[in-house]
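Trainee: Got a sequence here, can you build the structure:
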Amino acid sequence: PPLVKMATGEESDDESLGGADMHARTSGLADYFALDEPDAIRLARRVVRRLNWRKVEPTSGSFPPPLYDADELLGVVPGDLRVPFDPRDVIARIVDGSDFDEFKPLYGASLTTGWAALHGYPVGILANAQGVLFSQESQKAAQFIQLANQRDIPLIFLHNTTGYMVGREYEQGGIIKHGAMMINAVSNSTVPHLSVLMGASYGAGHYGMCGRAYDPRFLFSWPSAKSAVMGPQQLAGVLSIVARASAAAKGRPYDEEADAGLRAMVEQQIESESLPMFLSGRLYDDGVIDPRDTRTVLGLCLSAVHNAPVEGARGGFGVFRM
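Mentor: Reported below is the predicted structural model:
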């Protein structure tokens, strides 16, 4: 979109009222003379109005609202984020007419993917359904993201993930290369990405779902969201394992009481630093939003990103590991 910048007297030389009059009347440096900030905004609006700026409009002039009440979004996410919830309940309350064409619904069921429209704009949606991302979910996501790029359709990521699955069985099954396929697709996709943190968003799963490090155009959090490199219990457990192994290697007895204190301290710190107000206060997201406003906020974002052509990557993903 066009950039409008306001400079105060402290930011530019000779911009007092007298200086402004001189530049508008004598030097010609200023194109318009504004009495104050509201008057400057009024003049800027008139200038933008005459730019002959054209943007992509929604596919139709009218679009049906969701069939379900947005107020019900307040009860979708459980108080305990370890309890899964169905993201289709969210999708049905934010997309036009609650009309959602699911892609590969029987494959990789822990990740819901599909096509919809939001305020008339076509979108592809990826939403965590069970928290953990397995190999099937990763491959499904990679294919879906490539399809969205072939169709020039923006993507919406609805987060509730604890990360990619770990363990010998899953490592032998190729979770690393399959997770890398998803990461490859996300990082090389060129259609606009919009992310909403609804519940948990931890670890590499946060990256795979286009977290802040993967530069989505916009990222918002619900008050129920939590995000960190690891969950509090997991990180505390890792530190405990490392400390225990270190003591064993040195032949020293392990202080169980100190271990319990360390775990409690780490859990408390990570818990407090994973809350949306903490993260938003450090500009990690673009705002903590009321879940009921999700449709409106995403609609505004889609309108903004369509100021430029939406063009997907055509074969720019490099080589995917088989």
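
Trainee: per-residue pLDDT, the nearest residue to residue 76 once chain neighbours are set aside?
Mentor: Leaving aside its sequence neighbours, residue 76 sits nearest to residue 89 (CB to CB, 6 or more residues apart in numbering; 5.2 Å). Any C-beta I mention is one placed from the backbone N, CA and C, and that applies to glycine too. Per-residue confidence (pLDDT) for residue 89: 97.

Trainee: Compute the distance between residue 292 and residue 91, please.
Mentor: 15 Å (CB to CB, to the nearest Å).

Trainee: With residue 244 instead?
Mentor: 44 Å.

Trainee: More neighbours: which of the two?
Mentor: Shown here are residue 244 and residue 91; by other CB atoms under 10 Å, residue 91 has more neighbours (22 against 14).

Trainee: Next, give phi and psi for the more buried one.
Mentor: phi -60, psi -40 (degrees, to the nearest 10).

Trainee: if I read this right, it contacts residue 112, doesn't it?
Mentor: Yes - between residue 91 and residue 112 there is a contact at 7.5 Å, judged by CB atoms under 8 Å.

Trainee: intersection of neighbour lists for those two?
Mentor: Counting by CB atoms under 8 Å, 6 or more residues apart in numbering, the common neighbours of residue 91 and residue 112 are 125, 127.

Trainee: that older thread, secondary structure class of the residue nearest to residue 76, three-state.
Mentor: Residue 89 falls in the helix class when you classify it by DSSP: H, G, I helix; E, B strand; the rest coil.

Trainee: Residue 86 now?
Mentor: coil.

Trainee: quick one: residue 316 from residue 149, how far?
Mentor: Distance of residue 316 to residue 149, given as CB to CB: 8 Å.

Trainee: should've said residue 97
Mentor: Counting by CB to CB, the gap from residue 97 to residue 149 is 25 Å.

Trainee: neighbour count winner among the two?
Mentor: residue 149 (24 against 13).

Trainee: can you count the residues close to residue 301?
Mentor: Residue 301: 24 neighbours (other CB under 10 Å).

Trainee: Just want the phi and psi numbers for it.
Mentor: phi -60, psi -40.
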